[in-house]
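[1] here you go, sequence then predicted model.
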Amino acid sequence: MICPKCQGALRTYERNGVHIEQCGDCRGIFLYKGELEHLAAAEARWQSAPPAPSSPPPAYNAPAPSYGSPQPVYYKRKKSFLHELFD
């Protein structure tokens, strides 16, 4: 197919049951009719998915307290469904 914006060639991808057309030149994303609704439904399912079961607490003693200022804790943010779709 041909890109309606720049007349470049479109490549078809299917990810999670959603057909996506992407232009190799302008990197535009084009969806078939009804695919946006499929994306919205998949995003809603992704957000409402239950978290992974937590593991039992470790059987060993807590580490000895450290002296000085505590190191900041950084948590990795969960990616959205759309980030996972286009990775």
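    Now that the structure is in, tell me what you want to look at.

[2] could you point out the longest helix of the protein?
    The helix spanning the most residues in the chain, taking DSSP state H as the definition, is helix 35-48.

[3] pull out the buried positions in it.
    Along helix 35-48, the positions that meet the burial threshold by neighbour count (16 or more other CB atoms under 10 Å) are Leu39, Ala42, Trp46. Where C-beta positions appear, they are placed from N, C-alpha and C, glycine not excepted.

[4] that helix packs against which elements?
    Counting by 3 or more CB pairs under 8 Å, 6 or more residues apart in numbering; DSSP states H and E, the packing neighbours recorded for helix 35-48 are strand 18-23, helix 81-86.

[5] alpha carbons of that helix, as CSV, please.
    These are the backbone C-alpha positions of helix 35-48, laid out as CSV (Å, rounded to 0.1, in the frame of the first residue of the first chain):
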residue,chain,number,x,y,z
GLU,A,35,-8.7,-1.0,15.0
LEU,A,36,-8.7,2.0,17.3
GLU,A,37,-11.5,0.4,19.3
HIS,A,38,-9.5,-2.8,19.5
LEU,A,39,-6.5,-0.8,20.8
ALA,A,40,-8.8,1.0,23.4
ALA,A,41,-10.2,-2.4,24.6
ALA,A,42,-6.8,-4.0,24.8
GLU,A,43,-5.5,-1.0,26.8
ALA,A,44,-8.4,-1.3,29.2
ARG,A,45,-7.7,-5.1,29.6
TRP,A,46,-4.0,-4.3,30.2
GLN,A,47,-4.7,-1.7,32.9
SER,A,48,-7.2,-4.0,34.7
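
[6] what are the contacting residues of that helix?
    Residues external to helix 35-48 that are found in contact with it (CB atoms under 8 Å, 6 or more residues apart in numbering): Asn16, Gly17, Val18, His19, Ile20, Leu31, Ser80, Phe81, Leu82, Glu84, Leu85.
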